[in-house]
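Colleague: here is a sequence with its predicted model. Questions after.
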Amino acid sequence: MAGNENVLKVSKQLAAPVRIYLYAQIGILRLSPCGLNLPVVHTSHHCITRSLMKQHLACASLALAVLCGSLSATPSGLNNIPTADVTPMGVGVIQAFSNFGNDVDSDFNLGFKTGLDIFGQKFEIGGDSHILPDKGGPVVFQAKYSLPFGEGLPTLGVGVANIALGSDDRDRAGDPFTYVVLSHDFDGMFRAHAGYGFQTDNNSVLLGLDKTFKVLERDLVLRTDLIQIQDESDWMASFGFLYALHEHVVLESWMSQPFDDGDPIFTVKLNFVLKF
């Protein structure tokens with residue numbers, strides 16, 4: 001992710017917290033000074049969702065919102081896949097998101113993530129929970145490590161999401177989702193992501209692209225990704241965007257569509273960016 005500083009520059013009109021958040025989301029900076037990826041990049045997001053669970057699709061925000069039959073904490077990423085991006089040290093992101101469509105009731109979920117700098121190494125931790133409708137919870141957690149290989153080279157992300165504590169919560173949430181992913185900026189033309197996720201009866205190839213444009217002097221990030229679902233028997237594609245509405249508020253939204261079975265699922269997420 002090195003050299004990203006010369007590729008994309010966030011508008012000076014954006015307040016520092018949102019600039020940092022966008023850096024993390026689109027991998028503009030490396031995982032050192034951090035950006036939600038001051039150093040690396042974010043996600044948004046996000047990811048396995050209750051609606052997707054009900055449809056047995058596979059997700060991320062988790063951040064992974066892939067269908068793996070469970071709710072998962074959402075690591076920084078694109079729509080339904082995690083990337084090597086991480087939230088920067090000193091930045092916290094409160095996330096409120098909802099999924100609707102595919103003949104299921106809309107839901108409401110809350111999450112939080114932040115970055116850690118430990119001996120010069122970049123990490124991200126977070127958690128989220130289903131709130132409405134029906135019974136809330138369980139609370140699930142995620143953790144990610146980001147390792148840049150150097151200037152002009154990809155960044156490696158290794159993480160685990162959908163970590164539930166307690167046997168009852170594990171029964172509801174399902175097994176953890178472990179993943180390895182590479183993220184690379186192709187000289188500012190676009191960023192590409194490729195990886196693989198491991199979960200009981202739900203392994204998945206993770207592929208994605210994102211591209212940043214300027215709209216009203218703010219960054220608009222267009223994103224698309226592709227994941228395997230239903231125990232690798234189907235694929236699901238998604239298309240969406242990320243846009244800074246305010247110095248502390250970033251909007252994300254995307255549509256997910258299984259190839260062979262199921263109607264589209266729509267996700268809307270608001271990120272409240274805090275710097276401390």
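Modeller: Yep, it's here. Numbering: from 1, shown residues only.
Colleague: shaky segments in the stretch 51-200 of the chain?
Modeller: Counting by pLDDT under 70, the stretch 51-200 of the chain shows low-confidence ranges at 51-73.
Colleague: going along the chain, name the strands of it.
Modeller: Per DSSP state E, counting those that start in this stretch, the stretch 51-200 of the chain carries strands over the ranges 58-60, 64-67, 91-101, 108-118, 121-132, 139-148, 155-164, 177-185, 191-198.
Colleague: then the fourth one to CSV, C-alphas only?
Modeller: This file holds the C-alpha atoms of strand 108-118, laid out as CSV (Å, rounded to 0.1, in the frame of the first residue of the first chain):
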residue,chain,number,x,y,z
PHE,A,108,-30.6,-3.0,12.9
ASN,A,109,-27.1,-3.7,14.0
LEU,A,110,-24.5,-1.7,16.0
GLY,A,111,-20.7,-2.1,15.9
PHE,A,112,-17.4,-0.5,16.9
LYS,A,113,-13.8,-0.8,15.8
THR,A,114,-10.5,0.9,16.5
GLY,A,115,-6.8,0.5,15.6
LEU,A,116,-3.9,-0.5,17.8
ASP,A,117,-0.2,0.1,17.2
ILE,A,118,1.9,-2.5,19.2
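Colleague: that one versus strand 139-148: what angle between them?
Modeller: On the basis of axes from the mean of the first three to the mean of the last three Cα atoms, to 10 degrees, strand 108-118 is oriented at 40 degrees to strand 139-148.
Colleague: what's the angle between strand 108-118 and strand 91-101?
Modeller: Using the same axes, to 10 degrees: strand 108-118 against strand 91-101 is 150 degrees.
Colleague: for strand 108-118, name the packing helices and strands.
Modeller: strand 91-101, strand 121-132 (3 or more Cβ pairs under 8 Å, 6 or more residues apart in numbering; DSSP states H and E). Quick note: C-beta positions are derived from backbone N, CA and C, even for glycine.
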